[in-house]
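Colleague: Quick one: sequence plus predicted model below, questions after.
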Amino acid sequence: MDGMGPHGTKVGLLRVLGPAHVWALGVGIVLVGEYMGWNFAVGKGGAYAALIACWFAGILYTCVAMIDSEVTSTVASAGGQYTQAKHIIGPLMAFNVGLYLVFAYTMLEAANAITAGYLFSVVASMAGYQAPLDQRPFIILVIMFLAWLNYRGVLATLTFNLVITAFAFIAILVLFLATSGIAGGGIMQHAALFEGHELPYGWIGILAAMHFGLWYYLGIEGTTQAAEEVRSPARALPFGTLAGIMTLLIAATLTWYVSSGVLPWEYLGDGVNGSVAPLFDTARLSGSTALVWLLGFGTLFATLASANGCINDASRAWFAMGRDKYLPGWFGAVHPKYRTPYRSIVFLVPIALIFALGAPLDQVITFSILSGLLGYTFMPLNIILFRRKWPLHSIKRGYEHPFHPVPAITLLTLCGVTFFAVFLGYGTQLVAMIGFYIVVSLWFHFWRYRFVNRGAQFTMPWPKPLGY
């Protein structure tokens, strides 16, 4: 799949990535959810509600990972779920899915930049700086630096992600060992902190907590955006994605355990005026300076890895839509030297900055979750049609997910539950976002579709669909 260079020369994205880079992309985007954001679920329903939401969201994302691994190991092209929808369902669904991806990753990038700015202000106060620190220059610096890194090449970008993501994950393991009593000196007080507050809002609190339970795993589906840049898509994508979801299930459970065992649930659940970075706050209460520095760097690295991966994924989705003329073809350009979708990278920077500088953290998280959730709702339909049109014997797949259609039905059911949970707390935002996608769908149908490159709608070397 080729894009266009500045002078009409055809250049394509480089196939230079391996399974470890795919793991770093998926886990790197998500791991910040263990460091911040998930604790809003505690505020919605209490600590136990957050744990139940964590595990049910884990089931949802395991289904996402299995379905994505099968389809993407076959549809090895930039754009991920957008390209899947283009081949399997049709142009209107593809356009919407592409927008879901771009908004989910761009909002997540903005949330990460906000968190990075907060961390710099905390470090300044710990270093003795008394005056309130303006976080905005740090937010701008983070987004601009990572956009520059993505501009310069995908191998360096995701190798950087691999290093800092591994560090952030190891930091969680070290904090668990140091505070749980396994390595001595345990400080967990679950019984005392939970007494009388097991489920402060009852079972409805569990449902409400599902909204932010997604934050533990939001973005693992981003591994599909690397499909056109991995050396062996059929091997690297399923391996990296499934290893990633297993890593996140472990990290999410350990995160809940250490944070809820040290921090009071009222403080833990207030992610704005209380605990913005729960793992870092847990380290501060441990009394260990080494843990404070370790988790401080872990939190910073997790936010950088996530923002870095989000820029990578949002730009690939935008680039793929531009290449197929779903958006102006100008966005479908590939840099002749660095072989990156540089125009898409640059174009999305000011959008991320607007949300990072002008919107509250919980609202930014909600918009990211809603866009992601709309994308997950499309996946069950996608895999059912894929299996029906191209049965297992008709196309060689790099991975075949088991127990079909159970994962698809489970995913659709959990998406429905989560939509209701979001409606309970953010009904206005949910209705507004669905209204926005309806309006842009009408714009695409009545205006933009006439410019679409219809010859690029089906580019896979597959046989005709069954029954056609």
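Modeller: That came through, no problem.

Colleague: count of neighbours near the nearest residue to residue 108 once chain neighbours are set aside?
Modeller: Ranked by C-beta to C-beta, 6 or more residues apart in numbering and with sequence neighbours excluded, the top spatial neighbour of residue 108 is residue 368, at 4.5 Å. No exception for glycine: its C-beta is placed from N, CA and C like everyone else's. Neighbour count for residue 368, taken as other C-beta atoms under 10 Å: 26.

Colleague: Residue 368 reaches residue 212, doesn't it?
Modeller: No. Residue 368 is beyond contact range of residue 212, at 11.2 Å (criterion: C-beta atoms under 8 Å).

Colleague: I would like the residues contacting stretch 255-262, please.
Modeller: The contact list for stretch 255-262 (C-beta atoms under 8 Å, 6 or more residues apart in numbering) reads 34-35, 38-39, 42, 47, 50-51, 54, 172, 175-176, 179-180, 187-190, 193-194, 216, 268, 275, 278-279, 281-282, 285-286.

Colleague: Could you rerun that using 7 Å?
Modeller: 34, 39, 47, 50-51, 54, 172, 175-176, 179-180, 187-190, 193, 268, 278-279, 282, 285 (C-beta atoms under 7 Å, 6 or more residues apart in numbering).

Colleague: again with stretch 460-468
Modeller: 75, 87, 388, 389, 390, 391, 394, 395.

Colleague: What are the buried residues along it?
Modeller: Neighbour-count burial for stretch 460-468, counted by 16 or more other C-beta atoms under 10 Å, picks out residue 465.

Colleague: Can you give the distance from that stretch to the centre of its chain?
Modeller: 32 Å (C-alpha atoms, centre = their mean, to the nearest Å).

Colleague: Can you give me the end-to-end span of that stretch?
Modeller: Length of stretch 460-468, first residue to last, C-alpha to C-alpha, to the nearest Å: 16 Å.

Colleague: So which elements touch the strand or helix carrying residue 212?
Modeller: Using DSSP states H and E, the element containing residue 212 is helix 203-213. For helix 203-213, the elements it packs on are helix 40-45, helix 47-72, helix 406-446, judged by 3 or more C-beta pairs under 7 Å, 6 or more residues apart in numbering; DSSP states H and E.

Colleague: Next up, the contacts around the nearest residue to residue 217 once chain neighbours are set aside.
Modeller: Leaving out its chain neighbours, the residue that sits closest to residue 217 by C-beta to C-beta, 6+ apart is residue 61, at 4.0 Å. For residue 61, the contacting residues are 217, 220, 245, by C-beta under 7 Å, 6+ apart.

Colleague: Please apply the same query to residue 224.
Modeller: By C-beta under 7 Å, 6+ apart, the neighbours of residue 224 are 68, 72, 80, 81, 237.

Colleague: now, the most widely separated pair of these?
Modeller: 81 and 237 (12.7 Å; C-beta to C-beta).

Colleague: neighbours around residue 449, how many?
Modeller: Neighbours of residue 449 under the rule other C-beta under 10 Å: 15.

Colleague: same check, this time on the one 5 residues further on
Modeller: Other residues lying near residue 454 total 12 when counted by other C-beta under 10 Å.

Colleague: distance of it from residue 326?
Modeller: The spacing between residue 454 and residue 326, counted by C-beta to C-beta, to the nearest Å, is 11 Å.

Colleague: Who are the contact partners of residue 206?
Modeller: Residue 206 neighbours (C-beta under 7 Å, 6+ apart): 45, 49, 52, 53.

Colleague: Equivalent analysis for residue 218, please.
Modeller: So residue 218 contacts 30, 33, 108, 368, 369, 372 (C-beta under 7 Å, 6+ apart).

Colleague: now residue 119
Modeller: 277, 299, 300.

Colleague: which of these count as buried?
Modeller: Looks like those have 277, 299, 300 buried, using 16+ other C-beta under 10 Å.

Colleague: my read is the second one is in a strand, agree?
Modeller: No. Following the definition DSSP: H, G, I helix; E, B strand; the rest coil, residue 299 is helix and is not counted among the residues of a strand.

Colleague: What distance do you get for it to residue 382?
Modeller: 35 Å.

Colleague: What of residue 192?
Modeller: 47 Å.

Colleague: The two: which is more packed in?
Modeller: residue 382 (22 against 9).

Colleague: for the helix or strand containing that one, packing partners?
Modeller: Using DSSP H and E, residue 382 sits in helix 361-389. In this structure, helix 361-389 makes packing contacts with helix 47-72, helix 81-88, helix 91-126, helix 406-446, judged by 3+ C-beta pairs under 7 Å, 6+ apart.

Colleague: now, of those helices, which is deepest in the fold?
Modeller: helix 81-88 (a mean of 27; mean count of other C-beta atoms under 10 Å).

Colleague: Give me the angle between that helix and helix 361-389.
Modeller: Using axes from the mean of the first three to the mean of the last three C-alpha atoms, to 10 degrees, the direction of helix 81-88 lies 30 degrees away from that of helix 361-389.

Colleague: Distance from helix 81-88 to the middle of the chain?
Modeller: Using C-alpha atoms, centre = their mean, the offset of helix 81-88 from its chain centre is 19 Å.
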